[in-house]
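1. this is a predicted model, with the sequence first.
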Amino acid sequence: MLPPGLQYEEKRLQALLRYGILDTPPESEYDDIVQLAARMCGVPIALVSLIDKDRQWFKANVGLPGVTETERCISFCTFAIEQEHVFVVEDASKDSRFCNNPLVSEAPFIRFYAGAPIQSEDGYNLGTLCVIDREPHAFGEEQRRNLLALKRQVELLLRLRLQVKQTQERNRQLMESSGDAVFLLDEAGRVLEANPVAVRLLGRSAAELLGSCFETLAPENERDSLRLALRTLRSRGTVRLPDQGLTSARGERVALDIAASLQEMGSSRNLLVVGHDLTEKRRLEQQSIQNDRLASVGALAAGIAHEINNPIAYVLSNLSYLQGWRDDLERQLAALPSFPGHMTDMLVEAREVISESLDGCQRIRDIVRDMRSFSHVSDEVLAPVDINASLDFVLRMAQSELKRTATLEKEYAQELPVVFASESRLSQVFLNLIINAIQAMQPGSPQRHTLRVRTKREGEYIRIDVSDSGHGIAPEVLPRIFDPFFTTKPVGSGTGLGLSISHSLVQKMGGELRVRSEQGLGTTFSLLLPMGERPTESRAVLAS
């Protein structure tokens, strides 16, 4: 019995489904409208009827208790949604279209029907607000205007429903895709939803978070301020908490920069809380402080080296003069006929003292030269670097740490080709690897531990191995060893940046940094650097 003429049926059904209203529980707002429609039109039955593919479903119903839907093929509303205005049947028993309809010949024995089409925001007729009587009668103009006014209220409710649905969908997408922690709370402050970032940061499952009171997630000494902020949010609509702590499952404080807003969706009010994790910001601040400190130390080392260099030059010059004077004195005294024997012993002892002093001063001069070289701000120009000489330079700098921890074994390949690199940056990498290796071994027993440094040619690369006989690295830790800020050292013993920076520098020089380790036996870091001059763009990348 479906009448012809329904156009764009597929799009109309899509529009209806967009609201997500079919088969939802009764809502008082719709019930109020049908009761008012029945009273104003003086009829016993009024419906909010939505036309699905094969049925008409009643969102609101007065006068037909227990009836939720009927077949579409016998519905009056199917005819009504073809109309632009109110569709009226004053006596169905005398209307050829409906006189044999089971809804007319059987219960509820429809005689009078008036239906106002309910339109979607894009113009599709979704169903009707209809009034029905078991007695035939006319439909006056005032009743028509009242029915149209009430159906517009139904359309408004549908638009609000769609807006709420779209807002919820946007919130859900925000929660799923956001890099921040997102919580959706009900008006009382209980968690309705939490996105994966929130679950990860707090180390709690979604099931643990759902239904919990949001303020109880904060440390006890911060709950009062959070409770006050939520109260402000409900009254003002927005609130900002620049450093709000939440407690993780392990009892740690997670610092968040929170921005929250009130989400009014129809009659419900939810609280959307977005928290930006401050951990990374704090780490970057610490990195900046550490970099500034290193720069200051470098400048201080350069200044000290300069100040020491001049007096050391005087001392070396005077000691050399004193040594020559002693040698002349020894020759002159030896020519005397009665040269006392004890004077010979004194001159020999003086020669040893002066020689030891000269050696000590020359060591100080070498250390000062190395400090000046290491603290010099490089222009990052790639130049030929002698790998063996660069390693020796770094090993001299680490000598004080090394001599009380391990025995040094060097296995240098002779006549290695040079590599094109930034010598200061490469020294920085070598020093970091060697210091890490020393710190992996127990100090105080150098006879038990060995630091082995090897160089060799491997294909088109120069390979440098730095091996220790320390405690090794756990297998679960090894994949993260080059991550920024990752460290297994105690708090205050390192920033976790050394290996990350070294890895980055080596990559920018066209090389590769590898690691292999066995717990209890030690660790080897292998650095591979390409031979030959690198392209111009590599220099620019390194300088950046």
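-> Everything's here; your move.
2. need phi/psi at the closest residue to F76 other than its chain neighbours.
-> Excluding the flanking residues, the one nearest F76 by C-beta to C-beta, 6 or more residues apart in numbering is Y113, at 4.8 Å. Bear in mind the C-beta positions are built from the backbone N, C-alpha and C, glycine included. Backbone geometry at Y113, expressed as degrees, to the nearest 10, gives phi -150, psi 140.
3. quick check: bridge partners of Y113?
-> Counting by DSSP bridges, Y113 forms beta bridges with V89, I132.
4. gap between N171 and L271?
-> Distance of N171 to L271, given as C-beta to C-beta, to the nearest Å: 11 Å.
5. who has more neighbours, these two?
-> Using other C-beta atoms under 10 Å as the criterion, N171 and L271 rank with L271 on top: 23 against 18.
6. that one looks like it's in a strand, true?
-> Yes - L271 forms part of a strand when assessed by DSSP: H, G, I helix; E, B strand; the rest coil.
7. got a list of what it touches?
-> L184, L185, D186, E187, G189, L230, L233, R234, A260, S261, L262, Q263 (C-beta atoms under 8 Å, 6 or more residues apart in numbering).
8. tell me the one of the residues you listed nearest V89?
-> Q263 (44.2 Å; C-beta to C-beta).
9. what helix or strand is that closest one on?
-> Using DSSP states H and E, Q263 sits within strand 253-265.
10. helices and strands around that strand, which ones?
-> Here strand 253-265 touches helix 141-177, helix 196-202, helix 223-236, strand 238-247, strand 268-277, helix 279-334, going by 3 or more C-beta pairs under 8 Å, 6 or more residues apart in numbering; DSSP states H and E.
11. repeat that with 10 Å
-> Packing partners of strand 253-265 (3 or more C-beta pairs under 10 Å, 6 or more residues apart in numbering; DSSP states H and E): helix 141-177, strand 181-186, helix 196-202, helix 223-236, strand 238-247, strand 268-277, helix 279-334.
12. surely A421 and Q428 touch.
-> No - between A421 and Q428 there is no contact under C-beta atoms under 10 Å: 11.0 Å.
13. so between those two, which is more surrounded?
-> With neighbours defined as other C-beta under 10 Å, A421 and Q428 compare such that A421 has more, 28 against 18.
14. who's in contact with the more buried one?
-> Residues in contact with A421 (C-beta atoms under 10 Å, 6 or more residues apart in numbering) are 382-385, 387, 390, 427, 429, 462, 505-506, 508-511, 529-530, 534, 538, 542.
15. in strands only, show me those residues.
-> A383, P384, V385, I462, L529, P530 (DSSP state E).
16. how much space between the closest residue to the second one other than its chain neighbours and R454?
-> Beyond its immediate neighbours in the sequence, the residue positioned closest to P384 (C-beta to C-beta, 6+ apart) is V418, lying 3.9 Å away. Taking C-beta to C-beta as the measure, V418 falls 18 Å from R454.
17. if we go by neighbour counts, what in stretch 511-524 is buried?
-> Neighbour-count burial for stretch 511-524 flags G511, L513, S517, G522, T523, T524 (criterion: 16 or more other C-beta atoms under 10 Å).
18. now do the end-to-end distance for that stretch.
-> Taking C-alpha to C-alpha, to the nearest Å, stretch 511-524 runs 17 Å from one end to the other.
19. that stretch: how far from the chain's middle?
-> Taking C-alpha atoms, centre = their mean, to the nearest Å, one finds the center of stretch 511-524 at 29 Å from the center of the full chain.
20. what about A46, which helix or strand?
-> For A46, the host element (DSSP H and E) is strand 45-51.
21. could you list the domains of this protein?
-> The chain breaks down by automatic domain parsing into domains covering 9-161, 178-277, 282-375, 383-543.
22. looking at those domains, which is nearest to T167?
-> The nearest among the domains of the chain, by C-beta to C-beta, is domain 178-277 at 5.7 Å.
23. can you get me the start-to-end distance on that closest one?
-> Start to finish, the residues bounding domain 178-277 are 12 Å apart (C-alpha to C-alpha).
24. ok, now stretch 411-423?
-> As for stretch 411-423, its first-to-last residue distance stands at 21 Å under the measure C-alpha to C-alpha.
25. ok, and for it, which residues are buried?
-> The neighbour-count check on stretch 411-423 (16+ other C-beta under 10 Å) flags L416, V419, F420, A421, S422, E423 as buried.
26. stretch 182-196 now?
-> Of all the residues in stretch 182-196, those buried under the rule 16+ other C-beta under 10 Å are V182, F183, L184, L185, G189, V191, E193, A194, N195.
27. farthest pair in these?
-> By the measure C-beta to C-beta, G189 and N195 form the most distant pair in these, at 17.6 Å.
28. on that earlier part again, buried subset of the ones in strands among the contacts of A421?
-> Buried among those (16+ other C-beta under 10 Å): V385, I462, L529, P530.
29. nearest to V199, of those residues?
-> L529 (43.1 Å).
30. was I right about that closest one contacting P384?
-> No - contact criterion C-beta under 10 Å: L529 and P384 do not qualify, at 11.9 Å.
31. tally up the residues packed near the closest residue to A218 other than its chain neighbours, please.
-> Leaving aside its sequence neighbours, A218 sits nearest to L226 (C-beta to C-beta, 6+ apart; 4.8 Å). Neighbour count for L226, taken as other C-beta under 10 Å: 21.
32. quick check: S422 vs S504, distance?
-> S422 sits 13 Å away from S504, taking C-beta to C-beta as the criterion.
33. anything in contact with each of these two?
-> With contacts taken as C-beta under 10 Å, 6+ apart, S422 and S504 have V429 as neighbours in common.
34. pLDDT weak spots in the stretch 151-300 of the chain?
-> When residues are selected by pLDDT under 70, those of the stretch 151-300 of the chain lie in 265-267, 280, 282-300.
35. E9: neighbour count?
-> Around E9 there are 12 residues (other C-beta under 10 Å).
36. got the phi/psi numbers for it?
-> Note on E9: its backbone torsions stand at phi -60, psi -40 [degrees, to the nearest 10].
37. just to check, it is in contact with R72?
-> No - judged on C-beta under 10 Å, E9 makes no contact with R72 at a distance of 11.3 Å.
38. from R240, how far off is the spatially closest residue to T279 that is not a sequence neighbour?
-> Distance criterion C-beta to C-beta, 6+ apart; nearest residue to T279, sequence neighbours excluded, is A255 at 6.6 Å. Plainly put, A255 is 14 Å away from R240 if you go by C-beta to C-beta.
39. more neighbours, the two?
-> Neighbour count, other C-beta under 10 Å: between A255 and R240, A255 has more, with 16 against 12.
40. which residues sit in contact with that one?
-> The neighbourhood of A255, defined by C-beta under 10 Å, 6+ apart, consists of P242, D243, Q244, G245, L246, G275, H276, D277, L278, T279, K281, R282.
41. quick one: which of the residues you listed is nearest to V86?
-> Distance to V86 across the contacts of A255 (C-beta to C-beta) is lowest for G275, with 52.7 Å.
42. which parts of stretch 115-128 are buried?
-> Of all the residues in stretch 115-128, those buried under the rule 16+ other C-beta under 10 Å are G115, A116, P117, I118, Q119, S120, Y124, N125, L126, G127, T128.
43. export it as PDB, just CAs?
-> Extracted in PDB, the C-alpha atoms of stretch 115-128 (Å, rounded to 0.1, in the frame of the first residue of the first chain):
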ATOM      1  CA  GLY A 115      -0.500  15.300  10.700                       C
ATOM      2  CA  ALA A 116       2.100  18.100  10.500                       C
ATOM      3  CA  PRO A 117       5.300  17.000   8.800                       C
ATOM      4  CA  ILE A 118       8.400  17.200  11.000                       C
ATOM      5  CA  GLN A 119      11.400  18.400   8.900                       C
ATOM      6  CA  SER A 120      15.100  17.900   9.300                       C
ATOM      7  CA  GLU A 121      17.400  20.900   9.200                       C
ATOM      8  CA  ASP A 122      18.200  20.100   5.600                       C
ATOM      9  CA  GLY A 123      14.500  19.800   4.500                       C
ATOM     10  CA  TYR A 124      13.600  16.100   4.700                       C
ATOM     11  CA  ASN A 125      10.300  15.000   6.200                       C
ATOM     12  CA  LEU A 126      11.200  12.600   9.000                       C
ATOM     13  CA  GLY A 127       7.700  11.900  10.400                       C
ATOM     14  CA  THR A 128       4.800  13.900  11.900                       C
END
